[in-house]
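In: Any chance you could fold what I've pasted below:
(chains A and B)
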Amino acid sequence: MNDLLIKLAECVEFGKINLASPYPPQMKGQEGADEITRRALEEGVNPQDILSKGLMPGMERIGVKFRENKVFVPQVLMSAKAMSTAMIHLKPHFLSGAAKQKGTFIIGTVLGDLHDIGKNLVGMMVEGNGYKVIDLGTDVSSDKFIAALKENPGAVVGLSALLTTTMASMEKITKEIKEALPETLVTIGGAPVNYEFCLKIGADNYSADPQRLVEFLNVKIA
Amino acid sequence: MRKLIPEIKKGKVLVSDGAWGTFLQKKGLNPGECPEEWNISRPNDVFEIAQSYVDAGADTIETNSFGGSYFKLKNYGFENRVFEINKAAAEISRKAAGPDRFVLGSVGPTGKLLLMEEVTEVELYNAFKEQSMALEAGGADAIVIETMTDLDEARIAVKAAKENTGCEVICTMTFDKIIGGEYRTMMGISPTEMTEALVDAGAEVIGANCGNGIADMIGIVKEIRQANATIPILIHANAGMPHYHDGETTFPESPDDMAARVKEIVEAGANIIGGCCGTTPDHICEVHHVVRSL
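Out: Next comes the predicted model:
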């Protein structure tokens, strides 16, 4: 395998954004995801390979470490930042069709809930694992979710909630999405929710961490 | 302004209050509605919550200002009303607490991440300064910075409250029990790391709130006590973790369940004990009975 891709995967795994970034300390002074992606493209590496053999393995490794409590939110956010920096260089290739994403994932925090740290984290992890992510923000109504799903047929939708008080809102939105578009897969996440709640409200999946969600999507879409 | 530390130094265990958010919801607060705005539009409902904890025997009463920072109020378009809303919060709790109990002005996280450059340290400092000063103006004795997960944000909040008010400053973080049984905040901070950093920043009382029932709080108290032999510790425990049933969220631990662990948590080193999500005046009443019998 191309050395650049191995290095790129490391940059993503350890959150090395670019040459100037001081984080992580052990990679100080080295090139980051930004420079390496640019160079790989210049050297003619297939954009698809940059995504699937560089970015995705790096994101997967940090996702697994996060699930195992070996790293915490800050490390994942730095990885996501490194990944997004690389993605900027890949975007034109997605648009031209030279590289393809696995599918579309729509995400939002449910109506009545304004928290977005978890939702953003999950969105970035999913994007870094090769999906197009449409982020509808916080306080999102079922109408907005349904409109986005109609514009993106076949997309999977992810609902986030932090507050116990907005779990009822998650239930209502899940039911309304299922009524309007019965084929849609609805996946849920957030501090107060669990698998039992997922079954109760008729959602298709609950993930306790972003990596599990990626694995669900890989089975259902990719 | 009353001071907590002399009471604690006398060896007194103080009882704090219970949940506010879940209580406001019971009184009709809708999801998506700004809880702190009730200090202006429905002060009597807010007062009744404070009063119910006074009646239950709490020594310290919090304020309805958890989301009262500039950044949180901005979500509702109330960012220009920080002073008014927080001052009112403290006044309401002061009115219920009277002169003999402590009013703890609640300050929660901003929801903005320094790491993602969503906010600068100066912006955070100014937001916490503005909120703390308003709580002091409304009659708070101490500022309680709570539910923190990021150590930098917690440290900035402690400094802002210390440097701009005459209030004692309390700071508690929210820990999860991770694989392997250790405790860490969402951002990876352990109780030991918290203790060193927050004592250094000038916090007079530290501890933990939310995220755990009282049983798991005991381990957190032990770890803090091991890291620092003297710093007063405040614990606001949930009534367990929430269960969802037919559109309603319930919490599993009864007042008796909570009271049953109070002796153990005091022995571990806790100095102020109260509740967080799901705890009610009944929980606090039971805690109060145990504490008085110690």
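
In: Can you read off the backbone torsions of residue B:237?
Out: Main-chain dihedrals, residue B:237, degrees, to the nearest 10: phi -90, psi 150.

In: ok, what's across the strand from it?
Out: With DSSP bridges as the criterion, residue B:237 is bridged to residue B:275.

In: quick one, what contacts residue A:114?
Out: By C-beta atoms under 8 Å, 6 or more residues apart in numbering or on different chains, the contact list for residue A:114 reads A:138-139, B:32, B:75, B:111. Where C-beta positions appear, they are placed from N, C-alpha and C, glycine not excepted.

In: let's go with 10 Å and repeat that
Out: The contact partners of residue A:114, taken as C-beta atoms under 10 Å, 6 or more residues apart in numbering or on different chains, are A:137-139, A:162-163, A:166, B:31-32, B:34, B:67, B:72, B:75-76, B:111.

In: can you check residue A:85 too?
Out: Per C-beta under 10 Å, 6+ apart, neighbours of residue A:85: A:11-12, A:16-18, A:21, A:32-38.

In: got those residues as TSV, with pLDDT and neighbour count columns?
Out: Formatted as TSV, those follow (pLDDT from 0 to 100; neighbours: other C-beta atoms under 10 Å in any protein chain shown):
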residue	pLDDT	neighbour count
A:11	98	30
A:12	97	33
A:16	97	31
A:17	97	22
A:18	96	17
A:21	93	20
A:32	97	25
A:33	98	32
A:34	98	20
A:35	98	20
A:36	98	31
A:37	98	30
A:38	97	16
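
In: Next one: residue A:127 from chain B, what distance?
Out: 15 Å (C-beta to the nearest C-beta, to the nearest Å).

In: what about the residue nearest to that residue when sequence neighbours are not counted, is that helix, strand or coil?
Out: Excluding the flanking residues, the one nearest residue A:127 by C-beta to C-beta, 6 or more residues apart in numbering or on different chains is residue A:133, at 4.4 Å. Three-state call for residue A:133 (DSSP: H, G, I helix; E, B strand; the rest coil): strand.

In: give me every residue that touches the nearest residue to residue B:53 once chain neighbours are set aside.
Out: By the measure of C-beta to C-beta, 6+ apart, the closest residue to residue B:53 outside its immediate chain neighbours is residue B:17, 3.7 Å from it. Counting by C-beta under 10 Å, 6+ apart, residue B:17 touches B:23, B:49-50, B:52-54, B:56-62, B:93, B:96-97, B:101, B:104, B:236, B:274-276, B:279, B:281, B:283-284, B:287.

In: Tell me, how many residues neighbour the residue nearest to residue A:127?
Out: By other C-beta atoms under 10 Å in any protein chain shown, the residues close to residue A:133 number 19.

In: swap in residue A:95?
Out: As a burial measure, residue A:95 scores 9 neighbours (other C-beta under 10 Å).

In: did I read that right, it in a helix?
Out: Yes - when three-state DSSP is applied, residue A:95 is found to be in a helix.

In: I'd like to know how far it sits from residue A:47.
Out: Separation of residue A:95 from residue A:47 (C-beta to C-beta, to the nearest Å) stands at 11 Å.

In: same deal with residue B:27?
Out: 56 Å.

In: what's the answer for residue A:144, then?
Out: In this view, residue A:144 and residue A:47 are 32 Å apart by C-beta to C-beta.

In: So what's the residue count around residue B:243?
Out: 16.

In: For it, which non-adjacent residue is closest in space?
Out: Nearest non-adjacent residue to residue B:243, counting by C-beta to C-beta, 6+ apart: residue B:250, 5.2 Å away.

In: Likewise for residue B:266?
Out: Excluding the flanking residues, the one nearest residue B:266 by C-beta to C-beta, 6+ apart is residue B:13, at 5.5 Å.

In: same question, residue A:98
Out: Counting by C-beta to C-beta, 6+ apart, residue A:98 lies nearest to residue A:47, which is 5.3 Å off, once chain neighbours are set aside.

In: isn't that neighbour right up against residue A:96?
Out: Yes - Residue A:47 is within contact range of residue A:96, at 9.0 Å (criterion: C-beta atoms under 10 Å).

In: Looking at these two, which one has more neighbours?
Out: Set residue A:47 next to residue A:96 and count neighbours by other C-beta under 10 Å: residue A:47 wins out with 20 against 9.

In: residues touching the more buried one, list them.
Out: Residue A:47 makes contacts with A:37, A:40-41, A:89-94, A:96, A:98-100, as judged by C-beta under 10 Å, 6+ apart.

In: doesn't residue B:133 fall inside a helix?
Out: Yes - the assignment for residue B:133 by three-state DSSP puts it in a helix.

In: sorry, back to before: from the contacts of residue A:85, which land in helices?
Out: A:11-12, A:33-38 (DSSP state H).

In: So which residues of chain A form strands?
Out: Assigned by DSSP state E, chain A shows strands spanning A:104-109, A:132-135, A:156-160, A:186-189, A:205-206.

In: could I get the ones you listed as a markdown table with distance to residue B:201?
Out: Listed next are those as a markdown table, based on distance: least, C-beta to C-beta, whole Å:
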| stretch | distance to residue B:201 |
| --- | --- |
| strand A:104-109 | 31 |
| strand A:132-135 | 35 |
| strand A:156-160 | 32 |
| strand A:186-189 | 33 |
| strand A:205-206 | 38 |
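
In: Same list, those strands, but as a markdown table with distance to residue A:66 and mean pLDDT please.
Out: A markdown table is the format used below for the strands of chain A (distance: least, C-beta to C-beta, whole Å; pLDDT from 0 to 100):
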| stretch | distance to residue A:66 | mean pLDDT |
| --- | --- | --- |
| strand A:104-109 | 17 | 98 |
| strand A:132-135 | 18 | 97 |
| strand A:156-160 | 16 | 98 |
| strand A:186-189 | 13 | 98 |
| strand A:205-206 | 17 | 98 |
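
In: that's a strand at residue B:8, yeah?
Out: No - looking at residue B:8 with three-state DSSP, it is helix, so not inside a strand.

In: mind listing what it touches?
Out: Applying C-beta under 10 Å, 6+ apart, the residues near residue B:8 are B:14, B:204-205, B:230, B:232-234, B:271-272.

In: tell me which parts of the stretch 151-294 of chain B are close to chain A?
Out: With C-beta under 10 Å from any C-beta of the partner chain as the criterion, the stretch 151-294 of chain B meets chain A at residues B:174, B:176-180, B:182, B:184-189, B:210-211, B:238, B:241-251, B:277-278.

In: So which of those residues are in strands?
Out: Short answer: these in strands (DSSP E) are B:176-177, B:184, B:210-211, B:238, B:243-245, B:248-250.
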